[in-house]
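Engineer: quick one, what's the 3D model for this:
(chains A, B, C and D)
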There are 2 protein chains.
Amino acid sequence: MTATPLRAKRAVPTMRDVAALAGVSTMTVSRTLHDDPRITDETKQRVRVALSELRYVRNDTARNLRIGRGAGAVGLVVGNLANPFYSQLALGIGEVVEQYGLTVMLVHASGDHNREVRLVADLLSRRVEGIVIAPEGDDHRHLGPGPMHGTPVVFVARPPSGISADCVLVDDFAGTKDATGRLIARGHTNIAFVGLPPTVWSGAERFRGFAAAMADAQLRLNKRYVRYQQSDVMAAERTVRSLLSLAKPPTALFAANNRNMIGALRAASDAGPPIALAGFDAFELADMLGLPLIVVSYDAVDLGRQAARLLLERVNADGAKLPARRVIVPTWVAEYGPPGGQYHLLHLPRLSRD
Amino acid sequence: MTATPLRAKRAVPTMRDVAALAGVSTMTVSRTLHDDPRITDETKQRVRVALSELRYVRNDTARNLRIGRGAGAVGLVVGNLANPFYSQLALGIGEVVEQYGLTVMLVHASGDHNREVRLVADLLSRRVEGIVIAPEGDDHRHLGPGPMHGTPVVFVARPPSGISADCVLVDDFAGTKDATGRLIARGHTNIAFVGLPPTVWSGAERFRGFAAAMADAQLRLNKRYVRYQQSDVMAAERTVRSLLSLAKPPTALFAANNRNMIGALRAASDAGPPIALAGFDAFELADMLGLPLIVVSYDAVDLGRQAARLLLERVNADGAKLPARRVIVPTWVAEYGPPGGQYHLLHLPRLSRD
DNA sequence: CTGTTAGCGCTTTCAC
DNA sequence: GTGAAAGCGCTAACAG
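Structural biologist: Numbers count the residues shown, from 1 in each chain, chains lettered A, B, ... in the order given. Prediction:
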C-alpha cells in the first residue's frame, strides 16, 4: 500500500516548474508568454505544452512588483452600496478600467470618516494605481498628495476641499433649480425642502438651487419648511409627516435625494393634506405610482466612466503635472403624473378643486 | 491579462529609505512595524520618527509575495451590477472578508460566459484568495479544481454543475410554491408564469415551485400561460401584454424575478383585463403601488455573508479537504394591497370572495 | 536564439 | 538587540 501523498495545499506552479518540465530556463518561458519573436517556434511549442500541462497561471503579483507597477487595480471607496448610485458608479468605472487591464477594488466606508481614512490607507498599501472616492465629510487631508504619495485620486459627487484634485460632479444646482421652478410654475408658493446635511456639498448645492428658484420667483423661504437630515427613508418620512401636520402645511416639497423622496412618498400616501412632490435622483417605478412627480435625473454610470477616464489619464501621465480638472455631469428633469392626466384634480386640489 | 502598459513610477518610500533615515537596517524597520519586543524602545522611537517623516506605507504586494499569500483579496464575479441583488451580495461579502483584512475585487461578467472565463482567469493570476461567483450558464469547467489550482470557489444563487463546490442558494422552490399557493387560495385557477430561461437554475426551480403549487391544487398547467425569457423589463412587458390579449387571459400571474415583475406591472397598468400579480424578489415601493401584490423576498446581504464565511473557512483550511456544503437561504412572502383594503373590488373583480 | 545575473520590497533564518 | 544573507516569482539587462 503506497502512501499516496495527500495533496495538501497544492502549490500553484511557477515558471520554474514550467521551465523544468520543458527543459528550458525561466526566461524562455517568460519570453514565450510574451510571444517574443526571438524564440524558435519549436521551443515555444515545447514550452506551450508544458504550460498547458501544468495549467500555468502567471503570478501578476510578482510580475507587478518586478515591473514597478502597483496592484493593477483602482480603488473605489463608496459610502453606501445599497444606494443604486454607487452600484452604477462602480459599473461605469469597471467598464473603463477593464480596458486597461485593471480591476476594481471595492471598499465600503459606510459613512464613517475614520473608517474611510483606514480604508484609503489600506488601498494605498495594496498599491492601487489610483482611487475614486465619494468622500465623507469635508476633511480631505488624508487624500492630499502627501499622504497619497502622488497616487492619483478622483473625487466623485463632492469636490475636494483643502487639496487640489480632479473631480466629477453632478449639476446639483441647476437640476434642483429647474425642478423647483416647475413646482412654482404650477402655482405653488409654499414649498418645503427636505434636505441633506448642509455640510455635504451636494446638500448645500441642492439647497442653493432651491433657494435660487424661489428667489427668481420672488418667493420668500419659510424657515419652518426647510429641514435637513441624514439620508434615511424613515427619518424623511417623519420629517414630512411633521411638515404636513403644520397649521399651514406646504402644498409642495422638494426632496434632496432618493432616500428622502421615498420617505416623502410614504408620508404623503397617508391620509393628510395633498402635496406635490419633486426630488433629486431617479428611482424605478416613479412613473408607475400614479402620483404627480418631478424627478431630477442624471447618468451615474457615465459619471463613473468620466471619473475613471480622469484617473487613468493621471495614472498614465506618470508624474507629469496636469492641472486639476472639474467635470460637471448634466441633469435633466422628468415629470410624471397619473395616467388620466387628472393631475391637478387628483393631487393639487388647491389649484383647481376644493 | 496583457494590456496597455501602465508605468507610474511614483516615489513611494521603501523600507530602505526609512532604514537609511533612521540609521538602522531594514530588518529593524520591519521589526518595529511588527512591534517586535526585542527592539529597544529608543531604537523603535527613532524608526518611528523616520516612518512618519517619510509617511511610510508598507508595500503589501511585496509582503504578500514574500509570505506566500496571494493578493489579500477575494474575487467577486457578478452578472449585472445594476441588479440590486448583486450590490447587496457585495455588501454582505465585504462586511465579512474585511474582518480578515481582505478586500473585494469586483468584476462584472455582463452575462457573457466567455467574458466570465477570462475574468476568472484574470482573478486567478492576481492570486485572489478565493472567488465568489454567480456563474453564467451551466458549463462550470473553468471553475473546477484543475483550472483553479485549488483556489476556493463559492457559488451563489446557482449550484455548481459537473464539479463539486460550496454553494449558497435561495429557496426558490419553496418561495415560489408558497406565493403561487396564495394566488390559488384567492380563487385563481388561470395563472400564468412569466419565467426565466429554464437553463438557469433559479428559473427551473421557480418553475418547479409554480408547477408544484398548481399540482397540489389539482390545477392543470396551461401551456399558453407559461412563458420564458431573458430577464428584461421590456421583454417581460411585451410578454404580459400578449398574455392579457389572449382570448381567455389569465386572472393572475407569477413573475419569476424582479425584472419580469416590473415589466408585468407596466403591462398590467395599461387598460386591459385586471390581473393579480405575484413574483420573486422584493423591490422598493412594492407596498406603495396601491396594487394587490404578492412578493417573495429573501436577505441577499445575508446570502453574501454566508458565502463569504464558507469561502473563508476553505481559505483557512489551507488545503485540508472539507466536504462541499450547500446552504439554502430562506424566503418569505409578503402581500400588499391597496390602502382601503378594497382588494378584490378594485383588482380582482372576477372573484366574489369577501 | 537562449541563459545568467540581479533585484523589485519585503520577511525568514541565522549570525553576531 | 541588531544585521546580513537569501529568496518569494517574475523580468530587464546583459552575456554568450
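Engineer: show the pLDDT at A:L6.
Structural biologist: On the pLDDT scale, A:L6 is placed at 31.
Engineer: just checking, A:V104 touches A:E95?
Structural biologist: No: the pair A:V104 / A:E95 is not scored as a contact, 9.9 Å apart, by Cβ atoms under 8 Å. All C-beta atoms are positioned from the backbone trio N, CA, C, and that covers glycine.
Engineer: neighbour-wise, which of those two wins?
Structural biologist: Just comparing A:V104 and A:E95: by other Cβ atoms under 10 Å in any protein chain shown the higher neighbour count belongs to A:V104, 26 against 17.
Engineer: what about the more buried one, distance to A:V97?
Structural biologist: Here A:V104 is placed at a distance of 6 Å from A:V97 (Cβ to Cβ, to the nearest Å).
Engineer: common neighbours of those two, please.
Structural biologist: Taking Cβ atoms under 8 Å, 6 or more residues apart in numbering or on different chains as the criterion, A:V104 and A:V97 both touch A:V74.
Engineer: ranges for the strands of the stretch 201-350 of chain A?
Structural biologist: A:226-228, A:252-255, A:276-280, A:293-297, A:326-329, A:332-336 (DSSP state E, counting those that start in this stretch).
Engineer: how about the residues of chain A near DNA strand D?
Structural biologist: Within chain A, the positions near DNA strand D by Cβ under 7 Å from any atom of the strand are A:11, A:14-16, A:26-27, A:30, A:33-34, A:58-59, A:62-63, A:65-67.
Engineer: cross the residues you listed against helices and list the overlap.
Structural biologist: Among the residues of chain A next to DNA strand D, the ones falling in helices (DSSP state H) are A:M15, A:R16, A:T26, A:M27, A:S30, A:L33, A:A62, A:R63, A:L65, A:R66.
Engineer: tell me the contacts of the third one?
Structural biologist: Each residue near A:T26 by Cβ under 8 Å, 6+ apart is listed here: A:M15, A:R16, A:V18, A:A19.
Engineer: buried set for the host helix or strand of the third one?
Structural biologist: This means A:V18. Assigning secondary structure by DSSP states H and E places A:V18 in helix A:15-22. Within helix A:15-22, the residues scored as buried using 16 or more other Cβ atoms under 10 Å in any protein chain shown are A:M15, A:D17, A:V18, A:A19, A:A20, A:L21, A:A22.
Engineer: any chance of those residues in TSV, with pLDDT and distance to A:A324 too?
Structural biologist: Listed next are these as TSV, based on pLDDT from 0 to 100; distance: Cβ to Cβ, whole Å:
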residue	pLDDT	distance to A:A324
A:M15	96	42
A:D17	95	48
A:V18	96	46
A:A19	96	48
A:A20	95	52
A:L21	95	52
A:A22	95	51
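Engineer: of those, closest to chain B?
Structural biologist: A:D17 (11.6 Å; Cβ to the nearest Cβ).
Engineer: what count of nearby residues applies to the closest residue to DNA strand D within the stretch 101-250 of chain A?
Structural biologist: Nearest to DNA strand D, among the residues of the stretch 101-250 of chain A, is A:G101, at 12.7 Å (Cβ to the nearest atom of the strand). By the measure other Cβ under 10 Å, the count of residues near A:G101 is 15.
Engineer: how about A:S164?
Structural biologist: Residue crowding around A:S164 was assessed by other Cβ under 10 Å; the count is 10.
Engineer: now swap in A:R241 and tell me
Structural biologist: A:R241, neighbours per other Cβ under 10 Å, totals 16.
Engineer: for it, which non-adjacent residue is spatially closest?
Structural biologist: The shortest distance from A:R241 to any non-neighbouring residue, by Cβ to Cβ, 6 or more residues apart in numbering or on different chains, is to A:A267 (4.5 Å).
Engineer: I figured that neighbour hits A:V240, correct?
Structural biologist: Yes: using Cβ under 8 Å, A:A267 makes contact with A:V240 at a distance of 3.7 Å.
Engineer: okay, the two: which has more neighbours?
Structural biologist: Set A:A267 next to A:V240 and count neighbours by other Cβ under 10 Å: A:V240 wins out with 29 against 22.
Engineer: now the buried members of the ones in helices among the residues of chain A next to DNA strand D.
Structural biologist: The neighbour count (16+ other Cβ under 10 Å) marks A:M15, A:S30, A:L33, A:A62, A:R63, A:L65 as buried among these.
Engineer: which ones, among those residues, also lie beside chain B?
Structural biologist: Subset of these in contact with chain B: A:A62, A:L65, counting by Cβ under 8 Å from any Cβ of the partner chain.
Engineer: ok, residues contacting the longest helix anywhere in chain A?
Structural biologist: Using DSSP H, we find that the single longest helix of chain A is helix A:300-317. Here helix A:300-317 makes contact (Cβ under 8 Å, 6+ apart) with A:74, A:84-85, A:88-97, A:100, A:129-132, A:152-154, A:156-157, A:166, A:168, A:170, A:322, A:325, A:327, A:329, B:6, B:8.
Engineer: where's A:A134 relative to B:F254, distance?
Structural biologist: Separation of A:A134 from B:F254 (Cβ to Cβ) stands at 39 Å.
Engineer: ok, those two, which is more surrounded?
Structural biologist: Neighbours per residue (other Cβ under 10 Å) separate A:A134 from B:F254, with B:F254 holding more: 30 against 22.
Engineer: quickly list what the more buried one is bridged to.
Structural biologist: B:F254 has these beta-bridge partners by DSSP bridges: B:F193, B:A278.
Engineer: please apply the same query to A:V74.
Structural biologist: Judged by DSSP bridges, the bridge partners of A:V74 are A:V104, A:G130.
Engineer: pLDDT score for it?
Structural biologist: pLDDT, read off for A:V74, is 97.
Engineer: who touches it in this structure?
Structural biologist: A:V74 neighbours (Cβ under 8 Å, 6+ apart): A:93, A:97, A:102-105, A:128-132, A:308, A:311.
Engineer: report the distance from the helix or strand hosting A:D122 to the chain centre.
Structural biologist: If you go by DSSP H and E, A:D122 is part of helix A:113-125. How far helix A:113-125 lies from its chain's middle: 17 Å, per Cα atoms, centre = their mean, to the nearest Å.
Engineer: hmm, that helix in reach of chain B?
Structural biologist: Yes: for helix A:113-125, a contact with chain B is found by Cβ under 8 Å from any Cβ, at A:A121, A:D122, A:L123, A:L124, A:S125.
Engineer: in PyMOL, how would I select just the buried ones from those?
Structural biologist: Buried residues among those (16+ other Cβ under 10 Å), as a PyMOL selection:
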select buried, chain A and resi 122+123+124+125
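Engineer: circling back: out of the strands of the stretch 201-350 of chain A, which one sits most buried?
Structural biologist: Among these, judged by mean count of other Cβ atoms under 10 Å in any protein chain shown, the one packed with the most neighbours on average is strand A:252-255 (a mean of 28).
Engineer: who's in contact with that strand?
Structural biologist: Surrounding strand A:252-255, the residues in contact under the criterion Cβ under 8 Å, 6+ apart are A:176, A:179-180, A:183, A:186, A:188, A:190-194, A:206, A:210, A:225, A:236, A:240, A:243, A:261, A:263-264, A:275-280.
Engineer: let's see it at 6 Å
Structural biologist: Identification of contacts with strand A:252-255 by Cβ atoms under 6 Å, 6 or more residues apart in numbering or on different chains yields A:180, A:183, A:188, A:191-194, A:210, A:261, A:264, A:276, A:278-279.
Engineer: swap in stretch A:211-220?
Structural biologist: Stretch A:211-220 has contacts (Cβ under 6 Å, 6+ apart) with A:K177, A:T180, A:G181, A:I184, A:T189, A:L221.
Engineer: residues in the stretch 251-354 of chain A within reach of chain B, list them.
Structural biologist: Residues of the stretch 251-354 of chain A lying close to chain B (Cβ under 6 Å from any Cβ of the partner chain) are A:L285, A:V315, A:D318.
Engineer: out of those residues, which end up buried?
Structural biologist: For those, a burial check counting by 16+ other Cβ under 10 Å picks out A:L285, A:V315.
Engineer: how about a markdown table for the residues of the stretch 251-354 of chain A next to chain B, with pLDDT added?
Structural biologist: A markdown table is the format used below for those (pLDDT from 0 to 100):
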| residue | pLDDT |
| --- | --- |
| A:L285 | 87 |
| A:V315 | 91 |
| A:D318 | 71 |
